[in-house]
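S.K.: got a predicted structure here, sequence first:
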Amino acid sequence: MKHCTLFSRLWRLVEAQDDEIDTTLVKSTPDTIIRDHRRAARPRRRQHPEPIAHEENDSEEDQREIVASTGEARHVLKGVSAGDFTEFLRAFENPLQLECETVLKVAKDRLRFLWPLKIPSRDSKSKILSNTLTIIALAREFLIPKLVRKAFYEVLRNPSFWEAVVTKRHSVKILDADLLNLYHAREVLQREWRVLLLAPPGATCLSPVDQPEQCVYTSCVQRAAYWRSHFIETAELEKGAADLVCYVDTLLDGPFFQQPNGTWCEACLADRKAAWRAAKTQWWDMLDGLFKIIVNAAI
């Protein structure tokens, strides 16, 4: 309970900053902490999950803002010793280690905020490898299986990981069993990618029923040959193999589908769009099995 109360009161100060304000925390007296605001370019922390509910007896005096003679804004929190504040900093940096369900919930929410569980898209930036491996360990320890899946996929699509495995395996802090699962997942997913990408559209526009438009190629042999040659010659087949879940969006939003040149009719392109979008969801759902993640109701 002490941790929860301390974490709750001091979290407000960590959150109470503007978009361009950096924070310096200094001790003014043994029982008063002053928080100086200094201008700097950094993301605002208020984007983290909502803080724990505050105690009703907290007064305005506990976090009033004052202006120093230098013109810098300061928050003053009374009744917190330097030792308590040091304990808060430790909790703030590593709250998952506290044996407190409320604090653990806040910490897990922060993890989910930083690592959204939704299927990644073409705009998803690659994560730093060392951070990703740490996330895997944390997500396993605190039973967040969907986060394990997300982190393993980040490892899978990170070219620096595969390079490091080949050149300096000892430096990559990952279990041999996990590495084997990653090799297997990569093989399976790349096979799925090739099958999907090289499958030509159906022959909807060639049916006996009148169609508003038809593709240039009318025989099944021609259609398959020209469809496959396009993705091989443009290197799309190779480019997407390392990160197929995200690369599907790149192709669907690219000129081939968005600005067709008349080679393929609208109906046939719509057929492949639907198949590719469905495949992306299917691949994502396959990852738990490929990475051998134990799924439970913890999240």
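M.R.: All right, it came through fine. Residues are numbered from 1 along each chain as shown.
S.K.: now Ala164: how far from Ile293?
M.R.: 22 Å (C-beta to C-beta, to the nearest Å). From N, CA and C alone the C-beta is placed, and that goes for glycine too.
S.K.: now do the strands in the stretch 51-200 of the chain.
M.R.: 64-67, 73-78 (DSSP state E, counting those that start in this stretch).
S.K.: which of these has the lowest average pLDDT?
M.R.: Note on the strands of the stretch 51-200 of the chain: strand 64-67 shows the lowest mean pLDDT, a mean of 46.
S.K.: which secondary element of this protein has the worst mean pLDDT?
M.R.: For the chain, using mean pLDDT, DSSP states H and E, the weakest element among its helices and strands is strand 32-39, scoring a mean of 39.
S.K.: measure the nearest residue to Lys127 once chain neighbours are set aside to Ala203 for me?
M.R.: Counting by C-beta to C-beta, 6 or more residues apart in numbering, Lys127 lies nearest to Glu154, which is 4.7 Å off, once chain neighbours are set aside. Separation of Glu154 from Ala203 (C-beta to C-beta) stands at 39 Å.
S.K.: those two: who's more crowded?
M.R.: More crowded of Glu154 and Ala203, by other C-beta atoms under 10 Å: Glu154, with 24 against 15.
S.K.: ok, that one - contacts?
M.R.: Neighbouring residues of Glu154 by C-beta atoms under 8 Å, 6 or more residues apart in numbering: Ser126, Lys127, Thr132.
S.K.: check the gap between the nearest residue to the last one once chain neighbours are set aside and Thr218 for me.
M.R.: Using C-beta to C-beta, 6+ apart and skipping residues adjacent in sequence, the residue nearest Thr132 is Glu154, 4.7 Å away. For Glu154, the distance to Thr218 under the criterion C-beta to C-beta works out to 44 Å.
S.K.: one more: Ser126?
M.R.: Using C-beta to C-beta, we find Ser126 at a distance of 43 Å from Thr218.
S.K.: domain-wise, how is this protein divided?
M.R.: 2-95, 112-180, 194-287 (automatic domain parsing).
S.K.: I figured Lys108 was touching Glu141, is that so?
M.R.: No. Contact criterion C-beta atoms under 8 Å: Lys108 and Glu141 do not qualify, at 11.2 Å.
S.K.: looking only at neighbour counts, state which of these two leads.
M.R.: A count of neighbours by other C-beta under 10 Å puts Lys108 above the other of Lys108 and Glu141, at 21 against 10.
S.K.: dump the residue contacts of Phe257.
M.R.: Phe257 sits next to Leu251, Leu269, Arg272, Lys273 when contact means C-beta under 8 Å, 6+ apart.
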